[in-house]
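Undergrad: Please work out how this folds:
(one chain, ligands or ions: 1)
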Amino acid sequence: MDNALTRAPLFEALDDEAAEALRDTMVEVTFTKGQEIFREGDPGDRLYVVLDGKVKLGVTSPDGRENLLGVQGPGEMFGELSLFDPVPRTATATAVTDCRLMGLGHQDLHTWLTGRPVLAQALLQALARRLRRTNDAMGDLVFSDVPGRVAKALLDLSERFGIDKPTGRHVTHDLTQEELAQLVGASRETVNKALADFATRGWILLEPRGVTILDADKLVRRAA
Ligand code: CMP
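TA: Take a look at the predicted model:
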């Protein structure tokens, strides 16, 4: 079975046989970079687990500004909220890179959840983790300045997408500077200024759609 799938919260809780059976109820779908997977306000009928690539979840304010709630990578899930609370999609999902996803129909998941409390527990845990992250991010919007939030976002992306190399921790986040700004909840100019400042200090090396973290300790201190 795909490595990313076995890491997903849904599968972690299952033995091999049950995991195979659940996998068989899922359908693989692919999207190309920039393609919309679903739109805020759409009726939701399935959740997705990312196998390859990255997906951003964004909301648009009435005056057209965009904010990113998160970026999901391999092994992470999205589109489950409309299952637990049957209202329209709460965000728009867009492929940041070409991506391969596994879709699971809400009806099929319902059947699984009824038969396996352990699966419900795993999903609740994933939701609790997300709520904690969201609370954290909300606190940061109030209590941290933009450079602090940028440092925190880089560390979070590094934890999830980083690879250690002799030169430092290489993080291909695949986000444009605009998207990075939307993730941090600040203007592109202020986020660029913070990134340039970190680079000048020798904490990071800026790359197109990525960054190499040269001094994580300094970033951790700046994020605190
Ligand atoms: P759903 O409402 O079905 O569709 C949009 C999805 O975005 C939602 O399910 C969640 O999976 C995801 N989502 C919503 N809010 C957040 C958040 N704060 N952080 C990460 N993902 C979120």
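Undergrad: need the strands for the protein, in chain order.
TA: Along the chain, the segments classed as strands by DSSP state E run 27-31, 36-38, 46-52, 55-60, 66-72, 77-78, 92-95, 99-105, 162-165, 168-172, 204-207, 210-213.
Undergrad: can you redo those as JSON lines with mean neighbour count?
TA: For the C-beta atoms, the positions are set from N, CA and C on the backbone; glycine is no exception. Compiled in JSON lines, those are given as follows (neighbours: other C-beta atoms under 10 Å):
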{"stretch": "strand 27-31", "mean neighbour count": "14"}
{"stretch": "strand 36-38", "mean neighbour count": "18"}
{"stretch": "strand 46-52", "mean neighbour count": "21"}
{"stretch": "strand 55-60", "mean neighbour count": "19"}
{"stretch": "strand 66-72", "mean neighbour count": "19"}
{"stretch": "strand 77-78", "mean neighbour count": "22"}
{"stretch": "strand 92-95", "mean neighbour count": "21"}
{"stretch": "strand 99-105", "mean neighbour count": "21"}
{"stretch": "strand 162-165", "mean neighbour count": "12"}
{"stretch": "strand 168-172", "mean neighbour count": "19"}
{"stretch": "strand 204-207", "mean neighbour count": "17"}
{"stretch": "strand 210-213", "mean neighbour count": "20"}
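Undergrad: Kindly reformat these as TSV containing mean pLDDT.
TA: Converted to TSV, the strands of the chain look like this (pLDDT from 0 to 100):
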stretch	mean pLDDT
strand 27-31	97
strand 36-38	97
strand 46-52	94
strand 55-60	96
strand 66-72	94
strand 77-78	94
strand 92-95	97
strand 99-105	95
strand 162-165	93
strand 168-172	94
strand 204-207	94
strand 210-213	95
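Undergrad: Pipe those into JSON lines and attach distance to residue 135 per row.
TA: Formatted as JSON lines, the strands of the chain follow (distance: least, C-beta to C-beta, whole Å):
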{"stretch": "strand 27-31", "distance to residue 135": "30"}
{"stretch": "strand 36-38", "distance to residue 135": "25"}
{"stretch": "strand 46-52", "distance to residue 135": "22"}
{"stretch": "strand 55-60", "distance to residue 135": "17"}
{"stretch": "strand 66-72", "distance to residue 135": "13"}
{"stretch": "strand 77-78", "distance to residue 135": "18"}
{"stretch": "strand 92-95", "distance to residue 135": "22"}
{"stretch": "strand 99-105", "distance to residue 135": "27"}
{"stretch": "strand 162-165", "distance to residue 135": "24"}
{"stretch": "strand 168-172", "distance to residue 135": "24"}
{"stretch": "strand 204-207", "distance to residue 135": "27"}
{"stretch": "strand 210-213", "distance to residue 135": "25"}
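Undergrad: okay if I get these as CSV plus distance to the ligand?
TA: Below are the strands of the chain laid out as CSV (distance: least, C-beta to the nearest ligand atom, whole Å):
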stretch, distance to the ligand
strand 27-31, 15
strand 36-38, 7
strand 46-52, 7
strand 55-60, 4
strand 66-72, 4
strand 77-78, 4
strand 92-95, 6
strand 99-105, 12
strand 162-165, 19
strand 168-172, 19
strand 204-207, 24
strand 210-213, 21
